[in-house]
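A.B. asks: build me a structure from this.
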Amino acid sequence: MQHLLDCAESSHPTHAAIAAARAAATAQLQAAGAWANPEFNLSMGRTSPRVSDLERDLPYGGSLSQRLTWWGARQDRIEAGHARLGVAEAEGRVALLTLRAEVRRAAIAYATALEAAEQAAEEAAIASELAATTGKRLAAGEVDRSLAARVRLEAATATLQRDARRREAATALSVLRTWCDPRLPEGLVIADALTIPACDPQTVAEAASQHPQLQAIAQAMAAAESTIAAERQARIPDLTIGVFADREAEKDTYGMTVGVEIPLWDRNQAGIAQAEAEHAQARAAMRSEEQRLRRDLAEALGAIQTAQGEARALADDAIPVAEETIRLRTAAFASGDASLADLLESRRAVHQIRTELRDARRRAALAAVDLSVVIGDPAFGLAAASRP
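C.D. replies: Model (predicted):
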């Protein structure tokens, strides 16, 4: 299973999307810490004297100015950029967690289909042997033609079921290849796909409190808080300082300038209100996500415990009795001491129990995947697991 997950992480487009989001957040952080570019102005003119004895002149000059942001506002923008980078990192972990969960679900579907195909092949082989035995007894005059025809019908039905289950397994493998590697071999066996992990409710509840989605929202709240501080600092106008030089025919002029924006029409109330709204939205999202995780945790724990109990009961109690029953009924039918109806009923009972066991193990494995998503641990259920 781990090899499939590694292949999916390295080849799926999700990896490139995460890298792009991280690069975008890094670029925003760089932009937040950048100083404003200096501004250079060059002027050239021509005088038109109103006194007749003055000559015309061609004055020219230049100026250089730099806008200076107050240190507090710049630092708040940088802190907001760091927080947004943290959001990108946490959301990347969430995306990888979701990707691994989808791969595991596809692997579980394939492993279940493969087990069903193997069971159907075994039952088809038994049905063929039963048909051959009945044919011999028909030739010896021990059974009538209607009984032999019914046995052949059972064998044909089992063969159809076997072929259908094989096609389902091939389809599930094709789906798994789209997630991982198109070169996955036919008949691939994933030994730990249907493992049933042990889980402690207290431990998983503590792990859920550190879910990367909660960390992403917490980083978003931190970014919003820093943005609020930066927007409030923006009410204090930036300072612009500069130097200039002008040259005319009879004089040269040098000087410096100090400029400040007059907050007459806009004191950045809109920017502050937007940042506060984003913070309130992140706070509400945090509460909503915490409630959702608690709900999903309860559902996943209940599902995995139910499926675990059912699988263990079937494996420990029902399967041994059913297999012993079918063995005895088969031997009795071969010797003529049991009817075909008794044998078929026993086989259907065993088939139903095996199907229920496989379904219980599938549900337990899927619940383990759901639990790994809830607690934010992509490796949950892949190790230290038991299989009935």
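
A.B. asks: go through this protein and flag its longest helix.
C.D. replies: The single longest helix within the chain, with elements called by DSSP state H, is helix 71-139.

A.B. asks: what's it packed up against?
C.D. replies: helix 2-11, helix 13-33, helix 145-179, helix 212-233, helix 319-334, helix 340-375 (3 or more CB pairs under 8 Å, 6 or more residues apart in numbering; DSSP states H and E). For the C-beta atoms, the positions are set from N, CA and C on the backbone; glycine is no exception.

A.B. asks: let's see 6 Å
C.D. replies: The contact analysis (3 or more CB pairs under 6 Å, 6 or more residues apart in numbering; DSSP states H and E) places helix 71-139 against helix 2-11, helix 13-33, helix 145-179, helix 212-233, helix 340-375.

A.B. asks: so which of these is nearest residue 283?
C.D. replies: helix 212-233 (6.2 Å; CB to CB).

A.B. asks: ok and the closest one relative to helix 71-139, angle-wise?
C.D. replies: Helix 212-233 runs at 160 degrees relative to helix 71-139, counting by axes from the mean of the first three to the mean of the last three CA atoms, to 10 degrees.

A.B. asks: got the CA positions of helix 212-233 in CSV?
C.D. replies: This file holds the C-alpha atoms of helix 212-233, laid out as CSV (Å, rounded to 0.1, in the frame of the first residue of the first chain):
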residue,chain,number,x,y,z
PRO,A,212,-4.1,20.3,9.3
GLN,A,213,-7.4,21.9,8.3
LEU,A,214,-7.7,23.5,11.8
GLN,A,215,-4.1,24.6,11.5
ALA,A,216,-4.9,26.2,8.1
ILE,A,217,-7.9,28.1,9.6
ALA,A,218,-5.8,29.1,12.6
GLN,A,219,-3.1,30.5,10.2
ALA,A,220,-5.9,32.3,8.3
MET,A,221,-7.1,33.9,11.5
ALA,A,222,-3.5,35.0,12.3
ALA,A,223,-3.2,36.5,8.8
ALA,A,224,-6.4,38.3,9.3
GLU,A,225,-5.3,39.7,12.6
SER,A,226,-2.0,40.9,11.2
THR,A,227,-3.9,42.4,8.2
ILE,A,228,-6.2,44.3,10.6
ALA,A,229,-3.2,45.7,12.4
ALA,A,230,-1.6,46.7,9.1
GLU,A,231,-4.8,48.3,7.8
ARG,A,232,-5.1,50.3,11.0
GLN,A,233,-1.5,51.4,10.7
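
A.B. asks: now find how far off-centre it is within its chain.
C.D. replies: 23 Å (CA atoms, centre = their mean, to the nearest Å).

A.B. asks: any buried residues in that helix, and which?
C.D. replies: 212-233 (16 or more other CB atoms under 10 Å).

A.B. asks: do stretch 133-149 as well
C.D. replies: Buried, per 16+ other CB under 10 Å, within stretch 133-149: 134, 137-138, 143, 147-148.

A.B. asks: with stretch 22-33 instead?
C.D. replies: Those would be 25, 29, 32, for stretch 22-33 by 16+ other CB under 10 Å.

A.B. asks: the first one and residue 92, how far apart?
C.D. replies: I take that to be residue 25. 10 Å (CB to CB, to the nearest Å).
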